[in-house]
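Visitor: coordinates only, sequence not included:
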């Protein structure tokens, strides 16, 4: 007998035969992936070939028909029958910021474990991405008309096939929707990471709101959030239970020597309109104290605005210097006596045995002790939930740092709670045997994209398409009840 393709079964008996053989195939495959030593016992499969006409070599290379697995009701082979070796990361942007540095660290660590990460982004080509990802797709049209979105999804589907992708991992924002479509169409597991409050949709009148709350939250194969705050917000918007997957950094096996207290201070982060108010507060304190120079590392849409501000605040450039974006900032920590900012840069400073000053969106939150580090972690070191420190309080903390520097050493905390090795090993273990992502609402979206034809309206702002999707969802809900 030869293995029938989907749709060629002539009778219920034939379908049952395929179901049984596909189920047996799945059990052997699962055992195969869990017991490598069994792979040498090729003769054990002779009865399989005699009974079902399936060549042993097909089992050895895991190249048996996907259709039979679907008929058996088992789903995609990717999560069931082999270890995860290729991950497609879909991220709307890949510029300078915390999300990008997290992905770079993740890609480097996983590469050492034999897992390849592939990038798909709407951003332009990036030398750092070319260096750390196994392959990349740039300049994707994520916010265009239906024809462009269809073409992009088809391109991503071909990319998935070419690189034998096992899991789709989507990050904010529109890339969450694109990741859902690709994972659904290719019958792959979908992992989603929410990076902050802004990535949690709280509206109810856009396609993004609808898909986020009614498809991504309840149906994603696995959901991560970077902090307890984001987990709480996500639960408020849908039926979900995200796991905290915090930022991770490489931590040396031994702490670095304590810094020379006379070295400059460092601030690093993405320069945008949200971070500028807090950074200006730090600049004002540096100019008031005139004890340490401040070197600013970063880039972004507010770079020119900051330069203009500094031309008036420190016209001679004696106390403040701008260093641009540096992909290897952690390697330069030894040149500084204090690290300031929010998010990941504080972890890198802690790993380098540097005291850390949390500078939030709206002001300076102060120097961090291990206890305060743990508290700030609830909000992913953004400064939310914490009071601003005035000049007097800041002076007191800096005097304490001078006399009791050990109070502000965070190496032990970051090694225990944010070590890249521990966090990415946990991540890998959670990817094994995930179920493929499937969503009727996403299926409705793909049909809407098809029937929208060549409309020039951006898909995600098409209110008519939103109403169609919402009505289809309401109709299914009524039928289910």
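Guide: Right, received. Where do you want to start? In this text the structure is predicted, and so the values were computed from the model without any measurement. Numbers count the residues shown, from 1 in each chain.
Visitor: from what I can see, residue 239 looks like it's in a helix, true?
Guide: No - using DSSP: H, G, I helix; E, B strand; the rest coil, the assignment for residue 239 is coil, not a helix.
Visitor: what's around it, how many residues?
Guide: Residues lying near residue 239 (other CB atoms under 10 Å) number 10. No exception for glycine: its C-beta is placed from N, CA and C like everyone else's.
Visitor: Going forward, the N-terminal residue is numbered 804.
Guide: In the new numbering, first residue 804, that becomes residue 1042.
Visitor: Next one: the residue nearest to it when sequence neighbours are not counted relative to residue 955, how far apart?
Guide: Excluding the flanking residues, the one nearest residue 1042 by CB to CB, 6 or more residues apart in numbering is residue 1021, at 4.4 Å. From residue 1021 across to residue 955, the span is 25 Å (CB to CB, to the nearest Å).
Visitor: Where does pLDDT dip in this structure?
Guide: The model of the chain has pLDDT under 70 over residues 804-885, 899.
Visitor: How is it divided into domains?
Guide: 815-877, 889-1051+1236-1283, 1068-1214 (automatic domain parsing).
Visitor: before we move on, the earlier item: okay, residue 1021 and residue 955: which has more neighbours?
Guide: Shown here are residue 1021 and residue 955; by other CB under 10 Å, residue 955 has more neighbours (21 against 14).
Visitor: if I pick the more buried one, what's in contact with it?
Guide: Counting by CB atoms under 8 Å, 6 or more residues apart in numbering, residue 955 touches 943-945, 947, 981.
Visitor: ok, 7 Å please
Guide: 943-944 (CB atoms under 7 Å, 6 or more residues apart in numbering).
Visitor: List the buried residues of the helix or strand where it lies.
Guide: Residue 955 belongs to helix 949-965 when elements are defined using DSSP states H and E. Neighbour counts over helix 949-965 (16 or more other CB atoms under 10 Å) mark 949-953, 955-956, 959, 962-963 as buried.
Visitor: one step back: export the domains of the chain to a markdown table and tack on distance to residue 1226?
Guide: Shown next, in a markdown table, are the domains of the chain (distance: least, CB to CB, whole Å):
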| stretch | distance to residue 1226 |
| --- | --- |
| domain 815-877 | 24 |
| domain 889-1051+1236-1283 | 4 |
| domain 1068-1214 | 11 |
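Visitor: Any idea which of the ones you listed gets closest to residue 1227?
Guide: Across these, residue 1227 has its closest neighbour in domain 889-1051+1236-1283 (4.6 Å, CB to CB).
Visitor: And that closest one, end to end?
Guide: Start to finish, the residues bounding domain 889-1051+1236-1283 are 37 Å apart (CA to CA, to the nearest Å).
Visitor: what does stretch 1130-1148 give?
Guide: One end of stretch 1130-1148 to the other measures 12 Å (CA to CA).
Visitor: One more: stretch 1107-1126?
Guide: 13 Å.
Visitor: List the buried residues in it.
Guide: 1109, 1112-1113, 1117, 1122-1123, 1125.
Visitor: which one among those gets closest to residue 1257?
Guide: Lowest distance from residue 1257 to the buried residues of stretch 1107-1126 (CB to CB) belongs to residue 1109, with 42.7 Å.
Visitor: picking that back up, of the buried residues of stretch 1107-1126, which belong to helices?
Guide: Under the assignment DSSP state H, the buried residues of stretch 1107-1126 contribute 1109, 1112-1113 to helices.
Visitor: got TSV for the residues you listed, with distance to residue 1187 too?
Guide: Output for these, formatted as TSV (distance: CB to CB, whole Å):
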residue	distance to residue 1187
1109	22
1112	24
1113	27
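Visitor: Now flag whichever of those residues is closest to residue 1193.
Guide: For those, the minimum distance to residue 1193 (CB to CB) is 21.3 Å, reached by residue 1112.
Visitor: From residue 1118, how far off is that closest one?
Guide: 11 Å.
Visitor: can you check residue 890 too?
Guide: Per CB to CB, residue 890 is found 49 Å from residue 1118.
Visitor: Ok, residue 1090 next?
Guide: Following CB to CB, the distance that separates residue 1090 from residue 1118 is 11 Å.
Visitor: and if you look at residue 894?
Guide: Relative to residue 1118, residue 894 is positioned 39 Å away (CB to CB).
Visitor: And for residue 1250?
Guide: Separation of residue 1250 from residue 1118 (CB to CB): 61 Å.
Visitor: Could you check how many residues crowd around residue 1006?
Guide: Residue 1006 has 11 neighbours, counted by other CB under 10 Å.
Visitor: Report the secondary structure element holding the residue nearest to it when sequence neighbours are not counted.
Guide: Closest residue in space to residue 1006, ignoring its immediate chain neighbours: residue 1012 at 4.3 Å, by CB to CB, 6+ apart. Taking DSSP H and E as the definition, one finds residue 1012 inside helix 1010-1014.
Visitor: Give me the contacts around that helix.
Guide: For helix 1010-1014, contacts defined as CB under 7 Å, 6+ apart pick out 980, 983, 1004, 1006, 1244, 1248, 1263, 1268-1269, 1272-1273.
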